[in-house]
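Visitor: Fold the following and give me the result.
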Amino acid sequence: MALTVDEQLLRGMARDAAIYALTRPVAIVMWIALVAAFVVSILNLTAVRGSQGLAGLLPVASIALMVYAVVMTVVGARRAVRAATPPGSAVWLRLDDTALHVGAGSRSSDISYSTFQSVRAGRHAVLFKLRGASAITAIPRALLSDDDIATLRARIG
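Guide: Got it, this is the predicted structure:
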């Protein structure tokens with residue numbers, strides 16, 4: 001089965017990839033640190049009764065860093081998904097016993113299941129985390145049935 005990629009599908013796949021990136025364990029540690037910095041800066045302002053010098057900017061800086069992290073993650077996910085599956089390209093997928101066969105436009109790849117560390121199904125994309133890397137591969141969710149995803153989870157682990 002093949003699927004033609006459009007802008008709406010790209011946005012959905014990028015959203016799924018961004019949510020994945022923002023909820024990984026390393027990202028959660030970052031969120032905890034940013035929230036802790038925000039709370040400490042607010043408590044510091046309360047303790048000194050008003051903003052004194054640069055201390056008044058710390059809550060704003062914490063929030064700005066949070067917004068920056070989200071924006072840059074979304075932009076990066078959009079860029080990566082668009083590069084892998086340009087609008088108008090036909091994307092196809094085939095599963096066999098040892099490998100995932102995927103193509104987008106004139107490119108195709110045969111990827112052994114052992115290449116992947118995990119698989120996560122989003123609303124618009126199925127995301128494959130590569131073993132030993134922070135990179136992910138996104139495939140349109142519409143190309144895979146629930147049974148296919150169960151099979152992939154069993155083969156990937």
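Visitor: Am I right that residue 27 is in a helix?
Guide: Yes. Per DSSP: H, G, I helix; E, B strand; the rest coil, residue 27 lies within a helix segment.
Visitor: Not counting residues beside it along the chain, what's closest to it?
Guide: Counting by C-beta to C-beta, 6 or more residues apart in numbering, residue 21 is the residue found nearest to residue 27 once chain neighbours are left out, at 6.4 Å. C-betas here are computed from N, CA, C, even on glycine.
Visitor: Over to residue 109?
Guide: residue 102 (5.6 Å).
Visitor: Now for residue 93: which residues touch it?
Guide: Residues in contact with residue 93, defined by C-beta atoms under 8 Å, 6 or more residues apart in numbering, are 1, 100-103, 139, 143-144.
Visitor: I'd like those written out as a markdown table, with distance to residue 34 added.
Guide: Formatted as a markdown table, the contacts of residue 93 follow (distance: C-beta to C-beta, whole Å):
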| residue | distance to residue 34 |
| --- | --- |
| 1 | 42 |
| 100 | 36 |
| 101 | 41 |
| 102 | 36 |
| 103 | 40 |
| 139 | 31 |
| 143 | 36 |
| 144 | 35 |
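Visitor: Most neighbours of all those, which one?
Guide: residue 139 (24 neighbours; other C-beta atoms under 10 Å).
Visitor: how close does that one sit to residue 157?
Guide: 18 Å (C-beta to C-beta, to the nearest Å).
Visitor: Partner strands of the strand or helix carrying the residue nearest to residue 109, with direction?
Guide: Using DSSP states H and E, residue 102 falls within strand 99-104. Paired neighbours of strand 99-104 in the sheet (DSSP bridges): strand 90-95 (antiparallel), strand 107-112 (antiparallel).
Visitor: Show me what the mean pLDDT comes to for the first one.
Guide: The average of the pLDDT scores along strand 90-95 is 92.
Visitor: can I get the CA coordinates of it in PDB?
Guide: Listed next in PDB are the C-alpha coordinates belonging to strand 90-95 (Å, rounded to 0.1, in the frame of the first residue of the first chain):
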ATOM      1  CA  ALA A  90       4.500   8.500  -2.400                       C
ATOM      2  CA  VAL A  91       5.500   6.500   0.800                       C
ATOM      3  CA  TRP A  92       5.200   2.800   1.000                       C
ATOM      4  CA  LEU A  93       6.000   0.100   3.600                       C
ATOM      5  CA  ARG A  94       6.400  -3.600   3.600                       C
ATOM      6  CA  LEU A  95       7.100  -5.900   6.500                       C
END
